[in-house]
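Chemist: Test case, fold it:
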Amino acid sequence: MFRNRFSRFDKTAVRVCALAAFGLAGIITVRALAQAPIRVSINEVIVPVTVTDDKGRFLSDLTQNDFRLYDEGKEQKIDYFSHDSKQPVVIGFLLDMSNGMKIHWDKYKEAATELMLNLLPGDKRFEGYLITYGNEPELVSDTNFDSEKMVEKLSKMKPAGGSALFDAIYMACTSRKTISGEPYEPRRVVIIIGDGHDTASKRSLKEVEEIAQRNLVTIYAMSTQAFGFRSEGAEDLEELATSSGGRVVIPLTNIYKDVSGYISNPQDAGNYAITVGTGAYTAEVSSAIFRAVADISGEITTQYVLRYVPDIDPKTDSKAYRKIRVAVDLPNVTVRYRQGYYPAVLEK
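Modeler: You can find the predicted model right below:
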């Protein structure tokens, strides 16, 4: 009798142990699966597009049917089309704080302030952040919609030291607070205010160009290159902007085309059209810089946004970088867009 009860207990114990072992194995298996990386392809590509006529004026009345989009030469179906001036956007302001900014610092500080106030009007659909870069970059103001706070911090700054532009771009792509929905809604824009030279970065031009493209960032620049000079970094700014679909504005180039120079226009009375102390030089610099502010602000708010899922066979097409072409069925227009993208694969 006792033996039979013990036998039943023994069998029950064996079953319990077996179930426990099976359950433990299941837990281990689930945990192992949970810890294993899951590769998820991110296929949708966003392409902000700017279209201007032969006089540089923005064309704002185009429809989706006016556009043709090609991926590695193969036409793609446009899945999303928008031309809303109030489309959400996150804007990074990257401000050069090197010694080269000292000459016109007040003017460019005013320009940065104007850009912040224009592009971040207090609506939560428009957010931004401020990174300054001297010998190293600094995230002065993380992503938020309050431009007044950024302006307040900017007002207390003074330029000094070297220039770590590439590290600043890398920081903009990796070390700030992101907003839910990026990079589609809101999309990502960076505005560089500087001459493009870099004397202190740990990152290279190619490295930051790639990470900007991988993060679907459109780069604009207001070059601080002075009239009559050519910065060593001018080509770098052009490459960063062109490859991402943005552009470079150089306000102090040819600023005297509509103004008589100091020696160029003598008059009968022996005076010159513009003499030292008249304020014409300062006025023309200010005017040129604020025209550049209007150009950049206008372009960001008048862009068309195209999105598509590339028609790619992953088994036969594994290009690390894919070229894009956007065409508009109109004569005498200029179309600006990102030149390509890196098909992204995330580890989860």
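
Chemist: all helices in the stretch 1-150 of the chain, in order from the N-terminus.
Modeler: 2-35, 105-119, 147-154 (DSSP state H, counting those that start in this stretch).

Chemist: Just list what the second one packs against, helices and strands only.
Modeler: Here helix 105-119 is seen to pack against strand 89-96, strand 126-133, helix 147-154, strand 187-193, helix 280-301 when contacts are counted using 3 or more Cβ pairs under 8 Å, 6 or more residues apart in numbering; DSSP states H and E. Every residue, glycine included, has its C-beta placed from N, CA and C.

Chemist: Of all these, which one is nearest Val328?
Modeler: For the helices and strands packed on helix 105-119, proximity to Val328 was assessed by Cβ to Cβ; helix 280-301 is nearest, at 15.8 Å.

Chemist: Need the helices and strands packed on helix 105-119 in a markdown table (columns: mean pLDDT).
Modeler: Listed next are these as a markdown table, based on pLDDT from 0 to 100:
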| stretch | mean pLDDT |
| --- | --- |
| strand 89-96 | 97 |
| strand 126-133 | 97 |
| helix 147-154 | 94 |
| strand 187-193 | 97 |
| helix 280-301 | 84 |
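
Chemist: In TSV: the ones you listed, plus distance to Val140 and mean neighbour count.
Modeler: Formatted as TSV, these follow (distance: least, Cβ to Cβ, whole Å; neighbours: other Cβ atoms under 10 Å):
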stretch	distance to Val140	mean neighbour count
strand 89-96	8	25
strand 126-133	5	24
helix 147-154	5	17
strand 187-193	13	25
helix 280-301	20	17
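
Chemist: Can I get these in TSV including distance to Leu120?
Modeler: Shown next, in TSV, are the helices and strands packed on helix 105-119 (distance: least, Cβ to Cβ, whole Å):
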stretch	distance to Leu120
strand 89-96	7
strand 126-133	5
helix 147-154	4
strand 187-193	11
helix 280-301	11
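
Chemist: Let me know which of these is the nearest to Lys102.
Modeler: strand 89-96 (10.8 Å).

Chemist: Could you please name the strands the closest one pairs with and the direction of each pair?
Modeler: strand 126-133 (parallel), strand 187-193 (parallel) (DSSP bridges).
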